[in-house]
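Engineer: my questions are about this predicted structure, shown below with the sequence.
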Amino acid sequence: MSTKRKVLNSFFYALVASLGGFLFGYHTAAISGALVFIAKEFNLSIVQQQVLVSFILIGAIIGAYIGGSLSDLIGRKKTFFYAILALFIGTIIFVITKNIFLFFTSRALIGFSIGIFSAVSPIYIAELSDPKYRGRLVSINQLFLVLGILLSNICAYFFLKTFHWQAIFLTGLIFALIMLILLFFIPETPSFLANKNQRSKAIKILKKVRFNIEDSEIFKKENHDKTKKVKFSDLFAPSVRSAFIIGITLNIFRQITGINIVTYYAPKIFLSTGIESPHFVMIFVAAVTAINILATFLSIWLIDKVGRRPLLISSTFGMMIFLLMLSASFFINPTNLPIFVMISLMGFTSSFAIGLGSVSWLINAEIYPMHIRGKANGIATFVNWVSNYLVASSFLSLIHNFGQGSTFLFFACICFLALIFSIKKVPETKGKSFLEIQKSFKK
């Protein structure tokens with residue numbers, strides 16, 4: 001098979017799996033534009049609105065944990081089917097029910113689905129990629145995530161003019177249906193098949209995507225002991241422990257540095273600057289998201305050229321600088337405050353997209369042994385969503401008690417800690433096979 005054909009195969013598989021990332025971004029952000037109208041229709045209090053927003057995160061926490069382990073048990077591809085089924089059921093109930101209990105519960109079911117996607121999509125792509133292009137292909141998932149957020153912003157802008165907030169969520173099902181159809185045209189990953197003693201089938205699939213299969217982890221004999229049940233304690237074995245700690249810490253920093261403040265609360269941040277029109281606010285939010293997309297394209301181009309570490313270090317440094325600028329804007333309160341806030345948020349989100357946004361998912365998909373990869377990445381993603389929940393549920397309280405300037409200064413300090421961690425602890429994995437990466441952690 002030609003080199004071009006192998007690259008195209010990997011690219012197609014990555015696109016299909018990245019639709020999970022798209023659905024992740026779309027449904028995470030969809031609530032921000034619709035919340036005002038939902039609150040009026042269901043007569044929700046401020047506390048109930050916060051609970052509604054947080055329920056998707058609670059569902060995602062559970063979905064990430066279960067999804068990672070499930071993908072090790074039944075396969076990455078079958079796990080996608082279950083995630084799509086949960087998304088369809090949750091969305092349909094969410095838009096038609098008038099029962100407040102079902103309304104909140106269905107939102108959690110949607111979260112359960114996207115939690116699975118967030119844990120499994122990067123692994124699927126990484127296991128069907130050649131090391132030379134693995135960074136770019138896994139980063140497509142982050143690109144699709146941001147595209148999902150942007151389309152959600154656009155749908156909110158147009159549909160909310162007609163007060164049909166349900167249409168925002170139903171539109172997302174179109175892409176879920178597309179993914180469901182395309183799943184019939186992609187294979188299971190070689191790593192999963194080899195781990196289930198289906199090595200001949202794994203080799204056949206591997207030859208479709210890898211230039212050189214000799215250094216593949218599927219030939220590592222100890223990965224094929226079916227009698228050995230993976231335990232939680234295996235994550236702290238000497239050969240895995242340091243990788244697991246790095247993966248979890250990166251996912252914590254991914255959230256507590258504040259990126260989902262922009263995803264969930266960007267409209268509120270802009271409204272606090274004096275902008276009165278909700279539709280004008282959505283234009284500002286869409287502009288921030290568009291810059292995020294451009295930065296993600298840049299990340300995809302650079303990640304296999306310059307490596308993970310340089311992007312991660314420059315990313316956390318840039319995030320810190322722009323949060324300091326955002327903090328200063330609220331302390332100084334200039335007459336053109338909305339412009340300063342927009343520039344700061346654009347700089348912050350683009351800095352995130354260039355490094356931390358893509359690299360955190362990628363490294364977690366690269367550094368674990370294949371027999372435990374789903375479980376390890378599922379737990380790391382579980383921690384990611386827990387951190388997401390803590391930030392999302394505390395942000396408004398921080399703003400209320402300490403003000404915008406002090407709150408954003410606090411997040412800038414966390415970015416500084418992320419910068420130090422990136423410099424001192426995160427290894428370079430560019431161009432290395434899974435086996436080479438795992439050997440580096442054994443030293």
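Structural biologist: Yep, it's here.
Engineer: mind listing what A119 touches?
Structural biologist: For A119, the contact set (Cβ atoms under 8 Å, 6 or more residues apart in numbering) comprises 63-64, 67-68, 71, 374, 377-378, 381-382. C-betas here are computed from N, CA, C, even on glycine.
Engineer: next SSE after the top helix by length along the chain?
Structural biologist: Identified as the longest helix of the chain according to DSSP state H is helix 373-425. Once helix 373-425 ends, the next helix or strand along the chain (criterion: DSSP states H and E) is helix 434-442.
Engineer: just checking, what packs against that following helix?
Structural biologist: Applying 3 or more Cβ pairs under 8 Å, 6 or more residues apart in numbering; DSSP states H and E, we find helix 434-442 packed against helix 238-256.
Engineer: what sits up against the helix it packs on?
Structural biologist: Residues contacting helix 238-256 (Cβ under 8 Å, 6+ apart): 234-236, 316, 356-357, 359-360, 363-364, 367-369, 372, 376-377, 379-381, 383-384, 387-388, 390-391, 411, 414, 417-418, 421, 425-427, 438, 441-442.
Engineer: buried ones in stretch 408-426?
Structural biologist: 408-409, 411-412, 414-416, 418-419, 421-422, 426 (16 or more other Cβ atoms under 10 Å).
Engineer: with pLDDT added, can I get those residues in TSV?
Structural biologist: Output for the buried residues of stretch 408-426, formatted as TSV (pLDDT from 0 to 100):
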residue	pLDDT
F408	94
L409	96
F411	96
A412	96
I414	96
C415	97
F416	97
A418	97
L419	97
F421	97
S422	96
V426	92
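Engineer: dump these to a markdown table, plus distance to S200.
Structural biologist: Listed next are the buried residues of stretch 408-426 as a markdown table, based on distance: Cβ to Cβ, whole Å:
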| residue | distance to S200 |
| --- | --- |
| F408 | 56 |
| L409 | 58 |
| F411 | 51 |
| A412 | 53 |
| I414 | 49 |
| C415 | 48 |
| F416 | 51 |
| A418 | 44 |
| L419 | 47 |
| F421 | 42 |
| S422 | 41 |
| V426 | 37 |
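Engineer: could you give the backbone dihedrals for S45?
Structural biologist: phi -80, psi 170 (degrees, to the nearest 10).
Engineer: so what's the residue count around it?
Structural biologist: 9 (other Cβ atoms under 10 Å).
Engineer: again with I218
Structural biologist: Neighbour number of I218 under other Cβ under 10 Å is 24.
Engineer: beyond the helix or strand hosting G33, next helix or strand please.
Structural biologist: Take DSSP H and E as the rule and G33 turns out to sit in helix 3-42. Next helix or strand after helix 3-42 toward the C-terminus (DSSP H and E): helix 46-74.
Engineer: tell me which other helices or strands that next one touches.
Structural biologist: By 3+ Cβ pairs under 8 Å, 6+ apart, helix 46-74 packs against helix 3-42, helix 76-96, helix 100-127, helix 190-195, helix 373-425.
Engineer: I'd like those laid out as JSON lines, including distance to L145.
Structural biologist: Output for the helices and strands packed on helix 46-74, formatted as JSON lines (distance: least, Cβ to Cβ, whole Å):
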{"stretch": "helix 3-42", "distance to L145": "4"}
{"stretch": "helix 76-96", "distance to L145": "15"}
{"stretch": "helix 100-127", "distance to L145": "9"}
{"stretch": "helix 190-195", "distance to L145": "23"}
{"stretch": "helix 373-425", "distance to L145": "13"}
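Engineer: just to check, T28 is in contact with S54?
Structural biologist: No: between T28 and S54 there is no contact, the gap being 11.8 Å when judged by Cβ atoms under 8 Å.
Engineer: neighbour-wise, which of the two wins?
Structural biologist: In terms of neighbours (other Cβ under 10 Å), T28 is the more surrounded of T28 and S54; the figures are 26 against 20.
Engineer: what sits against the more buried one?
Structural biologist: 56, 114, 148-149, 260, 263.
Engineer: and it, what pLDDT?
Structural biologist: On the pLDDT scale, T28 is placed at 85.
Engineer: quick one: it from E188, how far?
Structural biologist: Applying Cβ to Cβ, to the nearest Å, the value for T28 to E188 is 27 Å.
Engineer: got it, and S200?
Structural biologist: 13 Å.
Engineer: between those two, which one's more packed in?
Structural biologist: E188 (20 against 9).
Engineer: pretty sure the more buried one sits against K196.
Structural biologist: No: taking contacts as Cβ under 8 Å, E188 lies outside contact range of K196: 9.1 Å.
Engineer: buried ones among the contacts of A119?
Structural biologist: Buried among the contacts of A119 (16+ other Cβ under 10 Å): 63-64, 67-68, 71, 374, 377-378, 381-382.
Engineer: so which elements touch whichever strand or helix holds F144?
Structural biologist: Applying DSSP H and E as the criterion places F144 in helix 134-159. Here helix 134-159 touches helix 3-42, helix 100-127, helix 166-182, helix 278-302, helix 356-366, going by 3+ Cβ pairs under 8 Å, 6+ apart.
Engineer: select from these the stretch with the lowest mean pLDDT.
Structural biologist: Across the helices and strands packed on helix 134-159, helix 278-302 gives the lowest mean pLDDT, at a mean of 85.
Engineer: ok, K161 - how many residues close by?
Structural biologist: Per other Cβ under 10 Å, the neighbour tally for K161 reads 9.
Engineer: and it, helix, strand or coil?
Structural biologist: coil (DSSP: H, G, I helix; E, B strand; the rest coil).
Engineer: gap between C155 and W165?
Structural biologist: Distance, C155 to W165, using Cβ to Cβ: 10 Å.
Engineer: need the overlap of contacts for the two.
Structural biologist: G33.
Engineer: give me phi/psi at the residue of the chain positioned farthest from its centre?
Structural biologist: The C-alpha centroid of the chain is most remote from T335, which lies 35.8 Å away (Cα atoms, centre = their mean). Here is the backbone geometry of T335 (degrees, to the nearest 10): phi -70, psi -30.
Engineer: doesn't Y82 make contact with L70?
Structural biologist: Yes: with contact defined as Cβ under 8 Å, L70 counts as touching Y82 (7.3 Å).
Engineer: which of the two has more neighbours?
Structural biologist: L70 (22 against 18).
Engineer: the nearest residue to that one once chain neighbours are set aside: what's it in contact with?
Structural biologist: In space, and not counting its chain neighbours, L70 is closest to T79: 5.1 Å by Cβ to Cβ, 6 or more residues apart in numbering. Contact partners of T79, counting by Cβ under 8 Å, 6+ apart, are 67, 70-71, 116, 120.
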